[in-house]
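> structure for this input, please:
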Amino acid sequence: MTQPGSSDANASRHNIRVNPVSDSIFEVIPGTGNGYLFWCGAADYAHRVIGVPWNARLHISRGLGPSETTMRRSAVQFTLDANQAAAPPAGGYGSVNSLQAGDTMSVQRAFDYCFVPFGRP
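So this is what the prediction gives:
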C-alpha cells in the first residue's frame, strides 16, 4: 500500500505529525507524548489520509525511540502490513502506553484514543 507524501501527513487531531518512512511504514511524532497520542495519530492518518477501513489493524513495527524523519526524540513507527510487523511482545499486549514493537489494535479502537482526556486513562 503506497502512502501519500509527507506534505499530506499532518494528522489533524492534537496536531500530531505523521511521516512515511517507507511504502509500508509510517512514523507518528506527537508534540507531547503519551501512548494515547501515538495510537490516535496512527489511526487518524491510516483512516483519513491512507483511507483504510475502521477494522484494519495497526501494528507497531518499531517501538518508542528517536524519530527517523525529524529531529524529535520520541516517535513510534506503525504499519498496516502484518508481514512488516514485529513479533508480538512476550506476555502479550501490555497497555496503551507500552508502545512496544508488535503491539497491535484496530484503527477504530486506536482512533477512540483521540477522545481520551489528557492525563487520564
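
> just the endpoints, please. Distance across stretch 46-60?
13 Å (C-alpha to C-alpha, to the nearest Å).

> buried residues, it. List them.
Across stretch 46-60, burial judged by 16 or more other C-beta atoms under 10 Å covers Ala46, His47, Val49, Ile50, Val52, Ala56, Arg57, Leu58, His59, Ile60. Every residue, glycine included, has its C-beta placed from N, CA and C.

> kindly report the same for stretch 77-92.
Neighbour-count burial for stretch 77-92 [16+ other C-beta under 10 Å]: Gln77, Phe78, Thr79, Leu80, Ala85, Ala86.

> what's in contact with that stretch?
1, 21, 24-28, 42, 46, 50, 52, 56-63, 68, 98, 100-104 (C-beta atoms under 8 Å, 6 or more residues apart in numbering).

> average pLDDT across that stretch?
Mean per-residue pLDDT for stretch 77-92: 82.

> and the strands in the protein, which stretches?
10-11, 16-20, 25-29, 57-65, 75-79, 104-106 (DSSP state E).

> what's the closest of the ones you listed to Tyr36?
strand 16-20 (10.4 Å; C-beta to C-beta).

> picking that back up, which of the buried residues of stretch 77-92 sit farthest apart?
Going by C-beta to C-beta, the pair spanning the buried residues of stretch 77-92 furthest: Leu80 and Ala86, at 13.9 Å.

> where exactly do the helices run in this structure?
35-44, 107-112 (DSSP state H).

> go through those and pick out the most buried.
Of all the helices of the chain, helix 35-44 has the most neighbours on average by mean count of other C-beta atoms under 10 Å, namely a mean of 26.

> return the distance of that helix from the chain's centre.
A distance of 5 Å separates the C-alpha centroid of helix 35-44 from that of its chain, computed with C-alpha atoms, centre = their mean, to the nearest Å.

> before we move on, the earlier item: weakest of the helices of the chain by average pLDDT?
helix 35-44 - the lowest mean pLDDT of the helices of the chain, at a mean of 92.

> what's the angle from that helix to strand 25-29?
140 degrees (axes from the mean of the first three to the mean of the last three C-alpha atoms, to 10 degrees).

> how about the contacts made by Arg57?
By C-beta under 8 Å, 6+ apart, the neighbours of Arg57 are Leu80, Ala82, Thr104, Met105, Ser106, Val107.
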